[in-house]
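Quick one: sequence plus predicted model below, questions after.
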2 protein chains.
Amino acid sequence: MYQKKISMNVIRRLPKYHSYLIELMERGVVKVSSRELSEITGFTASQIRQDLNNFGGFGKQGSGYEVELLFKEISDILGLNMSYKTIIIGAGNLGQAIANYPGFKKYALDIKALFDVNPKLIGMKIHSLDVLDIDTISDYIKDNNIEIAIICTPKEAVKKVARILEKTNIKGIWNFAPVDFTVNADIKVESVNLTDSLFVLSYMISQEEKN
Amino acid sequence: MYQKKISMNVIRRLPKYHSYLIELMERGVVKVSSRELSEITGFTASQIRQDLNNFGGFGKQGSGYEVELLFKEISDILGLNMSYKTIIIGAGNLGQAIANYPGFKKYALDIKALFDVNPKLIGMKIHSLDVLDIDTISDYIKDNNIEIAIICTPKEAVKKVARILEKTNIKGIWNFAPVDFTVNADIKVESVNLTDSLFVLSYMISQEEKN
């Protein structure tokens, strides 16, 4: 299909298109121009055309994009029609919150179990998921074809967890711990960065005060 | 200072500059060109110059940016030299995880208390913070000059919480519940969108499989 290297900046805009297209479908909109998309998304029309052209271009000059078709294409590009067998590492507050977070099931994540080092947590059930001993994780990943690991451990534990995961056939790591780490290149890593979002709020409030 | 309206796309890039500049300072880099910044950030050099020009421009043509000065300016623009009195609404797993998340204290957030409707949680201490009755929240905000509320409730409760906050002098809401809501315009709202990050991971894994 589209084999060329797509920049992460483009990829990070795709989820935005995805959610705005849902909004348009809910409003019953059938066709949308890049200018209209620009008004909703805040990206420039030329940026939008460039972004979508990376994937073959879904619109004809002057006639705009078909909303439902574009939505399906973007969902497909994002791999949202797939389902990934997933485990959560760290069964503390954050791990439990993630296990219970609504909306993930709809997209890609099929959460199978949680893992922890804490004997008090091991053996518990959290939202009908077992909390298992971290020492059994490599076998579990292998036996259950686990594809994604979500890291919810304290940051001190992350590097050790990364070393363990590196020796498995895991495909991706979704990291919630506020620490960077490296694994071999065939494992994809995406870190959730909560401070970026906090900084935007801080910016908006501080600007209000300056005015 | 800079009174003109700055686009949210620019503002959302500022935290990235902020974190890359920390990296540069840690490496002892004193000066950086927009071309070098481009290599690190993945934004184009002209994008970076445009972004920074919004705030008055910190570099001279040909001589690059002073890393520490630029870092201080961006921190200032983001309001990170401020400290905001903050409460967490919802003392379940997510609220507790946020109360305990390292790194927030360093930036802007001075968390004072948690609020909940659950009698089992009210009266508890979480990481030395009191869990208080949601019914007392309006008075608490007023008496303690609370500026930011972090919403960690189930999504069903969000609209009710928003109605309560709207009648207070709160300045900003940081929303972790996966639901949109509106409040009057003098309250700034920033929602954490975890699915965007999940979609990027899903994209990277699915591309790997297609290749």
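Now that the structure is in, tell me what you want to look at. Computed from a prediction, not measured in an experiment: that's the story for all the values here. Residues are numbered from 1 along each chain as shown, chains lettered A, B, ... in the order given.

hmm, stretch A:85-103 touching chain B?
Yes. Stretch A:85-103 lies within reach of chain B by Cβ under 8 Å from any Cβ of the partner chain, at A:92-94, A:96-97, A:100-103. To be clear about C-beta, it is placed using only N, CA and C from the backbone, and glycine gets the same treatment.

what's the longest strand in chain A?
In chain A, assigned by DSSP state E, the strand with the most residues is strand A:108-116.

Show me what the helix or strand just after that one is packed against.
Remark: after strand A:108-116, the chain's next helix or strand is strand A:125-126, criterion DSSP states H and E. When contacts are defined as 3 or more Cβ pairs under 8 Å, 6 or more residues apart in numbering or on different chains; DSSP states H and E, strand A:125-126 sits against helix A:93-99.

helices or strands next to the helix it packs on in the packing?
Judged by 3+ Cβ pairs under 8 Å, 6+ apart, the packing partners of helix A:93-99 are strand A:83-89, strand A:108-116, strand A:125-126, helix B:93-99.

and with 10 Å instead?
Helices and strands touching helix A:93-99, by 3 or more Cβ pairs under 10 Å, 6 or more residues apart in numbering or on different chains; DSSP states H and E, are strand A:83-89, strand A:108-116, strand A:125-126, strand A:129-133, strand A:148-151, helix B:93-99.

Would you mind giving those as TSV with mean neighbour count added?
Formatted as TSV, these follow (neighbours: other Cβ atoms under 10 Å in any protein chain shown):
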stretch	mean neighbour count
strand A:83-89	21
strand A:108-116	22
strand A:125-126	14
strand A:129-133	18
strand A:148-151	25
helix B:93-99	23
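
hang on, the earlier thing: is chain B within reach of the longest strand of chain A?
Yes. On the criterion Cβ under 10 Å from any Cβ of the partner chain, strand A:108-116 is in touch with chain B at A:108-109.

got it, and stretch A:29-43?
Yes. If you take Cβ under 10 Å from any Cβ as the test, stretch A:29-43 does meet chain B, through A:41-43.

What lies in contact with that stretch?
Stretch A:29-43 has contacts (Cβ atoms under 10 Å, 6 or more residues apart in numbering or on different chains) with A:13, A:16-17, A:19-21, A:23-24, A:44-52, A:59, A:62-70, B:7-9, B:12.

average pLDDT for it?
Mean pLDDT, computed over stretch A:29-43, is 86.

would you list the residues of stretch A:85-103 next to chain B in TSV and tack on pLDDT?
Output for the residues of stretch A:85-103 next to chain B, formatted as TSV (pLDDT from 0 to 100):
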residue	pLDDT
A:92	94
A:93	93
A:94	92
A:96	94
A:97	92
A:100	88
A:101	84
A:102	74
A:103	73
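
Closest one of those to residue A:196?
Distance ranking of the residues of stretch A:85-103 next to chain B against residue A:196, using Cβ to Cβ, places residue A:94 first at 17.6 Å.

residues contacting that closest one?
A:88, A:150-154, A:176-177, B:93-94, B:96-98, B:100-101.

Kindly recompute the last result at 7 Å.
By Cβ atoms under 7 Å, 6 or more residues apart in numbering or on different chains, the residues touching residue A:94 are A:152, A:176, B:97.

Give me the domain ranges for chain A.
Split into domains by automatic domain parsing, chain A comes to A:8-77, A:83-195.

low-scoring stretches of chain A, by residue?
Flagging of chain A using pLDDT under 70 yields the residue ranges A:1-4, A:57-62, A:211.

that older thread, please identify the most buried of the domains of chain A.
domain A:83-195 (a mean of 18; mean count of other Cβ atoms under 10 Å in any protein chain shown).

Quote the end-to-end distance of it.
End-to-end span of domain A:83-195 (Cα to Cα, to the nearest Å): 29 Å.

with the residues of stretch A:29-43 next to chain B in mind, which one is nearest to chain B?
The shortest approach to chain B among those belongs to residue A:42, at 5.8 Å (Cβ to the nearest Cβ).

can you map out the helices along chain A?
With DSSP state H as the criterion, chain A has helices at A:8-26, A:34-41, A:45-53, A:67-77, A:93-99, A:137-143, A:158-166, A:194-210.

JSON lines please, covering these and showing distance to residue B:124.
Formatted as JSON lines, the helices of chain A follow (distance: least, Cβ to Cβ, whole Å):
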{"stretch": "helix A:8-26", "distance to residue B:124": "36"}
{"stretch": "helix A:34-41", "distance to residue B:124": "43"}
{"stretch": "helix A:45-53", "distance to residue B:124": "48"}
{"stretch": "helix A:67-77", "distance to residue B:124": "42"}
{"stretch": "helix A:93-99", "distance to residue B:124": "13"}
{"stretch": "helix A:137-143", "distance to residue B:124": "32"}
{"stretch": "helix A:158-166", "distance to residue B:124": "28"}
{"stretch": "helix A:194-210", "distance to residue B:124": "24"}
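
Out of those helices, which is closest to residue A:127?
Closest approach to residue A:127 among these (Cβ to Cβ): helix A:93-99, 5.2 Å.

From the chain's centroid, how far away is that closest one?
Distance of helix A:93-99 from the chain centroid (Cα atoms, centre = their mean, to the nearest Å) equals 16 Å.

Fine, thanks again, bye for now.
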